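S.K.: What would the 3D arrangement of this be:
(chains A, B, C and D)
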4 protein chains.
Amino acid sequence: MHSLLNQFKSIVAIPIAWGDMDAAQHVNNIMYLRYGETSRIAYMQSVGLGFDLSKTGVILAEINCKYKMPLTFPDTIWVGTRALLDSFDDYSFWTEQIVVSQKKQRVSAVIQAKLVGYDFSNLKKSAYTKRDKENIFAFENPEKRKV
Amino acid sequence: MHSLLNQFKSIVAIPIAWGDMDAAQHVNNIMYLRYGETSRIAYMQSVGLGFDLSKTGVILAEINCKYKMPLTFPDTIWVGTRALLDSFDDYSFWTEQIVVSQKKQRVSAVIQAKLVGYDFSNLKKSAYTKRDKENIFAFENPEKRKV
Amino acid sequence: MHSLLNQFKSIVAIPIAWGDMDAAQHVNNIMYLRYGETSRIAYMQSVGLGFDLSKTGVILAEINCKYKMPLTFPDTIWVGTRALLDSFDDYSFWTEQIVVSQKKQRVSAVIQAKLVGYDFSNLKKSAYTKRDKENIFAFENPEKRKV
Amino acid sequence: MHSLLNQFKSIVAIPIAWGDMDAAQHVNNIMYLRYGETSRIAYMQSVGLGFDLSKTGVILAEINCKYKMPLTFPDTIWVGTRALLDSFDDYSFWTEQIVVSQKKQRVSAVIQAKLVGYDFSNLKKSAYTKRDKENIFAFENPEKRKV
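M.R.: This next block holds a predicted model:
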C-alpha cells in the first residue's frame, strides 16, 4: 500500500470499471467524487456518524478535488479518508481523501469535503454532539484517547 | 418529430451529455436505460401510476434493449413510452420505448420494460386496480373511452 | 461462492457503492447493466476478444435483464459471465451473466447480452474468426479441447 | 431566467432525471459536477476551445463545488459558465459555473473549475495561444473587443 496512505486509518479498495472512463479514454472527472463518496461513507460508519433520514446526520456542503494523474481501466484504487481535526467548528468539519492507483503506485487525486451536521426532520443544520467529536478524535488518534 | 413517434403519446426530450459517452466514444449502453427510465417515469405520471414508497406502486421486473444505432454528443433525443395493452395481466404489463436521435432522425434503440404492481409496505406484488387499467387504456386510446 | 456460479468460469467481485442506490433506496436498475458490462469485459479479456477501436472487436446489439431481488448497500456482488455456445452464428453470440449478492447468497439478476463482431475501421459487422470461436469454446469447455 | 445568470453568456438547460437522485432522495452530489461538465463543454465550444485528443486541448486540474440548496426531481436547471478573466496565467484559467433551479428560482450550487491547456500528443501541459485568450476575452466582453 502506498506510504501516503499511512496517515489514513479508513481505506477502501475499489476496482475501476471500464464504464467509468469517458470519451477522452480516462476515468471521467465525476467518478473521482463517487469514489470519494464511497470511502467517506465507510469512514462515517467507522466513527458512528450515520445518515438516518429520520433523525440527524451529515450533509455535504462543499467539495474540492485536485486531479493529479489520470486513471485508466484496468486498475484498482485505494481511497483513504481522514478527518482534518483542526477544521472542526460546532457544525462542520473537513475530511481529506486520497485516491491512489495500485497499478501506478501514485496519488491520482486529493479530495477535501466539508461535512455539516444536519437535522433531517427539521431541515436545518445541527451541531455535532460531544460524543460525535470524541468518536472522530479517538478514531484518528487512538493513543490520545487513553490519556 | 420522427413519424415513428406518432404511436407514442408520452414523449420527453433529453439532451445527450458529453459525459454520457464512454471510451468507445459513443453513448454508453447503460445510458439508454437511464433515458428509458426518465421517459417511463414521465409516462407513469401521465397515467397516474406513482411510486410512493409508503404505499403501492410499480417495480421494474425485466428490461430488454435493442441497440440500433449509436448515439454521440452533441445530440438531443426524443424518448417515447407507450403501454403494450395486449400484455396486461393482473399484476403486470409491458411498456415499449423508442429512443430517436434528432440529429440523425433515426431510431437509436427500442426498449421494452415489464412493470409489476408492488405493495411497498408489505413487500409483495400487488394487482393493478381497475382504475389503473382504465387510466392507461384511456391514455393510449382516448377515443375509445368515449364509447 | 453461490453454487449457481459453478457454471461460470469468469467471475468478478464488485463492491456496491452507496451512490449506486436511487431514491427508491435500492440499487438503480441501470447499475445492474454496468455490473454486467464490467464482468463481460473481463470475460472478453479472458477469451482474447478485444475492442481495439482501430481494428475489429465486438459491439453490444441487445441486452435483457431479469431483476430477481433488489440489491442494497452495503454488499459485494459476484458477477459471472459465460458464452451461450448454442447461440453462435457467424456474426454474433449471446452471453449470460448472473449477479449474486454475497450478503443474501441469492441471485439478484440474470442478464443476457448479444455481442456482434464489428469492424471499427469500416463501420460494419464482421464475422468472428475461427480462432475467436475456438478460444471461446476452449474457455468454456477446456476438457473438450483436448479431444 | 434567474438574474444571477445575467453574468453568464453561455447557459444550458438540463432536465433533472429521476435517476439522478440517490437514496437520500436528493440529486446526488456527483451529478452537479456532471451538469457543470456539460455546461463547461458548451462554453468551450462557444469560445473555440476543443479537446481533440490528437492535438491540444484542455484538461480539468481542479474543481470546487459549493452545495447551496438540494435539487429534486422533477426540475430543470440552468447551468451557466463564464471564465474568470483575472485568473489567467500562461497555462491555465478558472471557470465559474452556477446551477439554478427553475422550480425554486434559486442557486443550487456554485462550481469553480481550473482548466489547463494540454498537448495530448506529447502528454504535457501546453500554453494557451494568444488567439485562445482573445477568443475568451472577446466572448466575455464583446464590447471591449471593439476598442
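S.K.: Chain C contacts on chain A?
M.R.: The interface of chain A toward chain C, taken as Cβ under 8 Å from any Cβ of the partner chain, is made up of A:12, A:13, A:14, A:15, A:17, A:18, A:19, A:34, A:37, A:38, A:41. C-beta here means a position set from N, CA and C on the backbone, and glycine is covered the same way.
S.K.: try 7 Å this time
M.R.: Applying Cβ under 7 Å from any Cβ of the partner chain, one finds that chain A approaches chain C through A:14, A:15, A:17, A:18, A:19, A:34, A:37, A:38, A:41.
S.K.: now, among the residues you listed, which is nearest to residue B:85?
M.R.: Nearest to residue B:85 among the residues of chain A next to chain C: residue A:19, at 35.3 Å, using Cβ to Cβ.
S.K.: how near is that closest one to residue A:27?
M.R.: The spacing between residue A:19 and residue A:27, counted by Cβ to Cβ, to the nearest Å, is 10 Å.
S.K.: Compare the two (neighbour count), which wins?
M.R.: Just comparing residue A:19 and residue A:27: by other Cβ atoms under 10 Å in any protein chain shown the higher neighbour count belongs to residue A:27, 27 against 21.
S.K.: Quick check: that one vs chain C, distance?
M.R.: Distance from residue A:27 to chain C, counting by Cβ to the nearest Cβ, to the nearest Å: 13 Å.
S.K.: Give me the three-state assignment for the closest residue to that residue other than its chain neighbours.
M.R.: The spatial neighbour of residue A:27 that comes closest, neighbours along the chain excluded (Cβ to Cβ, 6 or more residues apart in numbering or on different chains), is residue A:71 at 4.0 Å. Under DSSP: H, G, I helix; E, B strand; the rest coil, residue A:71 falls in the coil class.
S.K.: Might you report the residue contacts of residue A:71?
M.R.: A:16, A:26, A:27, A:77, A:101, A:108 (Cβ atoms under 7 Å, 6 or more residues apart in numbering or on different chains).
S.K.: I figured residue A:66 hits residue A:107, correct?
M.R.: No - look at residue A:66 against residue A:107 with Cβ atoms under 7 Å: they stay out of range, at 9.4 Å.
S.K.: tally of neighbours for residue A:50?
M.R.: 12.
S.K.: Not counting its neighbours along the chain, what's nearest it?
M.R.: Per Cβ to Cβ, 6+ apart, closest to residue A:50 is residue A:57, 5.5 Å.
S.K.: Equivalent analysis for residue A:72, please.
M.R.: residue A:26 (5.9 Å).
S.K.: wait, isn't residue A:36 in contact with residue A:108?
M.R.: No - if you go by Cβ under 7 Å, residue A:36 and residue A:108 don't touch, sitting 11.2 Å apart.
S.K.: more neighbours, these two?
M.R.: Neighbours were counted for residue A:36 and for residue A:108 using other Cβ under 10 Å; residue A:36 has more, 27 against 21.
S.K.: For chain C, state which of the contacts of residue A:71 is nearest.
M.R.: residue A:16 (9.3 Å; Cβ to the nearest Cβ).
S.K.: Which pLDDT does the model give the closest one?
M.R.: pLDDT, residue A:16: 98.
S.K.: now it: how far from residue B:111?
M.R.: Taking Cβ to Cβ, one finds residue A:16 at 28 Å from residue B:111.
S.K.: quick one: which of the two has more around it?
M.R.: Ranked by neighbour count (other Cβ under 10 Å), residue A:16 and residue B:111 place residue B:111 first, with 24 against 21.
S.K.: residues near the residue nearest to residue A:72, how many?
M.R.: The local packing of residue A:26 (other Cβ under 10 Å) involves 18 other residues.
S.K.: residue contacts, it?
M.R.: Contacts of residue A:26 (Cβ under 7 Å, 6+ apart): A:70, A:71, A:72.
S.K.: Next: residue A:5.
M.R.: Per Cβ under 7 Å, 6+ apart, neighbours of residue A:5: A:11, A:78, A:80, A:100.
S.K.: low-scoring stretches of chain A, by residue?
M.R.: Applying pLDDT under 70 to chain A flags residues A:1, A:51-54, A:144-147.
S.K.: and after the longest strand along chain A, which helix or strand comes next?
M.R.: Criterion DSSP state E: the longest strand present in chain A is strand A:106-119. Following strand A:106-119 in sequence order, the next helix or strand is strand A:124-125 (DSSP states H and E).
S.K.: tell me how far that following strand is from the chain's mean position?
M.R.: 21 Å (Cα atoms, centre = their mean, to the nearest Å).
S.K.: got the contact list for the following helix or strand past it?
M.R.: Using DSSP H and E, the helix or strand that follows strand A:124-125 in sequence is helix A:130-140. Helix A:130-140 is contacted by residues A:9, A:46, A:47, A:48, A:49, A:82, A:83, A:85, A:88, A:145 when judged by Cβ under 7 Å, 6+ apart.
S.K.: got the residues of chain A near chain B?
M.R.: Selection of chain A residues close to chain B by Cβ under 7 Å from any Cβ yields A:18, A:19, A:21, A:22, A:23, A:25, A:28, A:30.
S.K.: Of these, just the buried ones, ChimeraX syntax please.
M.R.: Restricted to buried positions by 16 or more other Cβ atoms under 10 Å in any protein chain shown, the ChimeraX selection for the residues of chain A next to chain B reads:
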select /A:18,19,21,22,23,28,30
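S.K.: Export the residues of chain A next to chain B as CSV, with columns for secondary structure and distance to chain D.
M.R.: Conversion of the residues of chain A next to chain B to CSV gives the following (DSSP: H, G, I helix; E, B strand; the rest coil; distance: Cβ to the nearest Cβ, whole Å):
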residue, secondary structure, distance to chain D
A:18, helix, 18
A:19, helix, 14
A:21, strand, 13
A:22, coil, 9
A:23, coil, 9
A:25, coil, 7
A:28, coil, 8
A:30, helix, 4
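S.K.: what's the closest of the residues of chain A next to chain B to residue D:122?
M.R.: Nearest member of those to residue D:122, counting by Cβ to Cβ, is residue A:25, at 16.4 Å.
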